[in-house]
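Engineer: Following is a predicted model, sequence given first.
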Amino acid sequence: MESDKPLAYFLHVKPVKILTSLRSGPKYVTLIAKEVDITYSHAIKLLDIFNELGLVEFEEKGRIKMVKLTDSGEEIARLFDTLLSKLSRMKKIK
């Protein structure tokens, strides 16, 4: 089941929010953590995984890390945005 491991990260809200938040352009890790409401260390852990999967790239500016989506990351983030949009329009179950 090791091949299912990347899938596990996308079944949680915070990792999806990280990817979709990066669609607006490169950001500092601290800003991503603040926007998604997670700790800096949790953000780094998830972003390192996304980097290994080829979804994000890091650019160091001194001591500060900037993060941006790769082409694959942009495609997946766009698909998540589409999915989230469709899910938000669904009727609520009573």
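Structural biologist: Nice, thanks for sending it over. Residues are numbered from 1 along each chain as shown.
Engineer: Dump the helix or strand encompassing residue 20 to CSV, restricted to CA.
Structural biologist: In the assignment (DSSP states H and E), residue 20 maps to helix 13-21. Output of helix 13-21 as CSV, limited to C-alpha atoms (Å, rounded to 0.1, in the frame of the first residue of the first chain):
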residue,chain,number,x,y,z
VAL,A,13,-8.2,19.7,4.2
LYS,A,14,-4.9,21.4,5.1
PRO,A,15,-2.7,19.9,2.4
VAL,A,16,-5.3,20.8,-0.2
LYS,A,17,-5.5,24.3,1.1
ILE,A,18,-1.7,24.7,0.8
LEU,A,19,-1.8,23.7,-2.8
THR,A,20,-4.8,25.9,-3.7
SER,A,21,-3.4,28.9,-1.8
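Engineer: if you skip the residues just before and after it, what's nearest to the residue nearest to the spatial centre of the chain?
Structural biologist: Closest to where the C-alpha atoms of the chain average out (Cα atoms, centre = their mean) is residue 19, at 2.4 Å. Spatial nearest neighbour of residue 19, chain neighbours left out: residue 77 (4.2 Å); criterion: Cβ to Cβ, 6 or more residues apart in numbering. (Glycine included, C-beta is placed from N, CA and C.)
Engineer: quick one: low-confidence parts of the protein?
Structural biologist: Applying pLDDT under 70 to the chain flags residues 1-10, 91-94.
Engineer: all helices for it, in order.
Structural biologist: Applying DSSP state H to the chain gives helices spanning 5-9, 13-21, 29-36, 40-52, 71-88.
Engineer: Can you lay out the ones you listed as a markdown table showing distance to residue 62?
Structural biologist: Shown next, in a markdown table, are the helices of the chain (distance: least, Cβ to Cβ, whole Å):
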| stretch | distance to residue 62 |
| --- | --- |
| helix 5-9 | 29 |
| helix 13-21 | 23 |
| helix 29-36 | 13 |
| helix 40-52 | 16 |
| helix 71-88 | 24 |
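Engineer: For residue 61, find the nearest of the ones you listed.
Structural biologist: helix 29-36 (11.4 Å; Cβ to Cβ).
Engineer: I'd like to know how many residues surround the residue lying closest to residue 35 once chain neighbours are set aside.
Structural biologist: Distance criterion Cβ to Cβ, 6+ apart; nearest residue to residue 35, sequence neighbours excluded, is residue 21 at 5.2 Å. Using other Cβ atoms under 10 Å, the number of residues around residue 21 comes to 17.
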